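# Structure for this input, please:
(one chain, ligands or ions: 1)
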Amino acid sequence: MADIILGIESSCDDTSAAVLRDGYLLSNVIASQDVHKAYGGVVPELASRAHQQNIVPVVSEALSRAGVKPADLTAIAFTRGPGLLGSLLVGTSFAKALSLSLDVPMVMVNHLQGHILANFIREEGVEPDEPQFPYLCLLVSGGNSQIVRVDSPLEYTILGQTIDDAVGEAFDKCSKMMGLGYPGGPVIDRLAKEGDPERFTFAKPQIPGLDYSFSGVKTSLLYFVRDEMAKDPDFMEKNKADICASFQKTLIDILMSKLIRAAKQTGIRQVTIGGGVSANSGLRDRLVAEGQKRHWKTFLPPRKFTTDNAAMIAVAGWFHYKAGERAPLDVAPVSRLSEF
Ligand code: KG4
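This is a model prediction of the structure:
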C-alpha cells in the first residue's frame with residue numbers, strides 16, 4: 001500500500017500543507033501572510049493569528065488538489081521547530097487533532113531538516129536530481145546560516161554556523177535600513193542584477209573555523225550609508241543598485257569561503273544549498289561556478305521549494321516514518337534548535 005503523507009508547516013509566517021505519495025508530491029499549498037509587510041518584519045502574534053485562520057482552508061485545499069481523502073492518509077508530518085512558538089503551536093495542535101480524529105500516526109520534523117532535504121521532493125514528470133550521501137548543505141535562511149554534513153536522510157552534523165545574525169537577517173535588516181522594504185532578500189537580489197558588485201567594499205569578518213558572522217558587515221553598510229548620506233542626501237537613491245550588488249557580493253563571498261573550506265576539509269564534493277536565501281540568483285550562480293571550478297557536483301533546489309513550504313516537511317516526515325519514528329500525543333513545539 002502507498003504511503004500518503006500530509007505535511008504541515010507553520011514555523012514562521014507561511015501556513016503550508018502538502019500531500020506526498022511514496023515520495024512524489026501531489027500538492028503543496030502555501031498561504032503567505034502579507035500582514036507583516038507594514039511592520040518591516042514578522043510580528044509573532046499576528047503570525048499566530050493568521051495561521052489559526054489559514055490552517056483549515058490550507059489543509060483542505062492540499063487534500064482536494066491531491067485528490068486524497070482524510071481517511072487515505074498514512075501519517076501526518078508537522079514542523080516541531082525551530083521557529084516562532086505561537087506559530088508552531090498552531091501546526092502542532094492541528095496535527096494532533098487530525099491524528100486523533102483519523103487515528104493516524106504523527107511524525108515530527110525539524111524545520112531545518114526539511115530545507116536540507118528539499119532536493120528529495122519528487123514531482124511527476126520531473127527527472128529526480130538528488131545528491132548522494134554524504135553531501136554538504138549550505139543552509140541559509142532568515143533564522144539560520146549553517147554548513148551541514150548530511151550522511152543519510154536522518155543523520156546530520158553541523159560543521160559551522162553563524163555566531164550572531166543569520167544571512168537572511170542581514171538581507172532583511174539592511175533592506176529596511178535602505179528603505180527597500182520587507183522581505184529584503186528578493187528586493188536586493190533584483191536590484192543587484194542592475195548594479196556593479198565591485199563598486200563598494202564592506203568589512204568581512206575574520207571568524208575561525210567554519211563559523212559565520214554577519215553582524216559586522218551589516219554595521220559596515222550602516223556606517224557607510226550614514227557617512228555618504230551626510231555628504232549627499234541623494235546618495236542612496238543614486239547608487240541603490242551598486243550598493244545592493246556590492247553588499248550581496250560581500251555576503252556571498254563570506255558564505256562561499258567557508259563552504260569551500262568545508263569541502264576541502266571533508267573531501268565531500270556533493271554540495272547543495274537550502275533555505276530562503278538559496279533563492280538568491282547571485283548565490284545560485286556562484287555555487288554553480290565554484291562547483292565547475294572545483295569539480296563538485298552541485299544541486300540547486302527549485303526556487304518554489306527554497307522558502308518555507310510543507311512539501312519539504314512531508315518528505316522529511318516520510319523518511320522519519322519509514323524509519324519507524326512516531327510522535328507522542330504530548331509532544332510540544334520547540335522554538336530553538338538546541339532544544340531538539
Ligand atoms: O527559509 P525562509 O523562507 O524562512 C526562514 O527563515 O525559515 O527564509 C526567509 C529569508 C528572508 O530573510 C528573505 O529575505 C530571504 O529568505 N530570501 C532571500 C531571497 N528570497 C528570500 N534572500 C536573498 N535573495 C533572495 N532571492
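# drop to CA atoms for contacts and neighbour counts, all remaining ones
Will do.
# Which residues of the protein lie near the ligand?
141-143, 168-169, 171-172, 183-186, 189, 275-277, 279-280, 307-308 (C-alpha under 6 Å from any ligand atom).
# Okay, and which of the residues you listed map to helices?
Cross-referencing the residues of the chain next to the ligand against helices under DSSP state H gives 168-169, 171-172, 184-186, 189.
# can you put those in JSON lines and add neighbour count and pLDDT?
What follows is these, written out as JSON lines (neighbours: other C-alpha atoms under 10 Å; pLDDT from 0 to 100):
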{"residue": "168", "neighbour count": "24", "pLDDT": "96"}
{"residue": "169", "neighbour count": "25", "pLDDT": "94"}
{"residue": "171", "neighbour count": "28", "pLDDT": "96"}
{"residue": "172", "neighbour count": "24", "pLDDT": "93"}
{"residue": "184", "neighbour count": "23", "pLDDT": "93"}
{"residue": "185", "neighbour count": "26", "pLDDT": "96"}
{"residue": "186", "neighbour count": "19", "pLDDT": "96"}
{"residue": "189", "neighbour count": "21", "pLDDT": "98"}
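# Now for those residues: which two are most distant?
Greatest spacing in those, by C-alpha to C-alpha: 169 and 189 (14.1 Å).
# quick one: the helices in this structure?
44-66, 85-102, 111-116, 167-177, 184-192, 215-231, 235-266, 281-294, 310-322.
# Just give me how far the fourth one sits from the chain centre.
When you say that, I think you mean helix 167-177. Centroid separation for helix 167-177 versus its chain: 15 Å, with C-alpha atoms, centre = their mean, to the nearest Å.
# Tell me what angle it forms with helix 215-231.
10 degrees (axes from the mean of the first three to the mean of the last three C-alpha atoms, to 10 degrees).
# And helix 167-177, what does it pack against?
helix 184-192, helix 215-231 (3 or more C-alpha pairs under 8 Å, 6 or more residues apart in numbering; DSSP states H and E).
# looking only at pLDDT, what's the mean for the last one?
Across helix 215-231, pLDDT averages out at 95.
# tell me the domain boundaries of this structure?
If you go by automatic domain parsing, the domain ranges for the chain are 4-121+305-322, 135-300.
# one step back: okay if I get the ones in helices among the residues of the chain next to the ligand as a markdown table plus distance to residue 53?
Supplementary listing: these in a markdown table, determined by distance: C-alpha to C-alpha, whole Å:
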| residue | distance to residue 53 |
| --- | --- |
| 168 | 27 |
| 169 | 27 |
| 171 | 29 |
| 172 | 26 |
| 184 | 26 |
| 185 | 27 |
| 186 | 26 |
| 189 | 31 |
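# Which pLDDT does the model give residue 339?
Reported pLDDT for residue 339: 59.
# ok, now residue 120?
97.
# number of nearby residues for the residue nearest to it when sequence neighbours are not counted?
Among residues not flanking residue 120 along the chain, residue 130 sits closest, at 6.0 Å (C-alpha to C-alpha, 6 or more residues apart in numbering). Neighbours of residue 130 under the rule other C-alpha atoms under 10 Å: 18.
# any idea how far residue 252 is from residue 130?
24 Å (C-alpha to C-alpha, to the nearest Å).
# same thing with residue 241?
16 Å.
# Which single residue of the stretch 1-150 of the chain ends up nearest the ligand?
The stretch 1-150 of the chain approaches the ligand most closely through residue 142 (3.2 Å), counting by C-alpha to the nearest ligand atom.
# Which residue is the nearest non-sequential neighbour of that residue?
Using C-alpha to C-alpha, 6+ apart, the closest residue to residue 142 is residue 168 (4.0 Å).
# need the contact list for the one you found.
140-144, 185, 276-277 (C-alpha atoms under 8 Å, 6 or more residues apart in numbering).
# where does this protein dip in pLDDT?
Residues of the chain meeting the criterion pLDDT under 70: 338-340.
# So the residue of the stretch 1-150 of the chain closest to the ligand sits against residue 182, correct?
No - between residue 142 and residue 182 there is no contact under C-alpha atoms under 8 Å: 11.6 Å.
# list the residues that contact both of those two?
Joint contacts of residue 142 and residue 182 (C-alpha under 8 Å, 6+ apart) do not exist.
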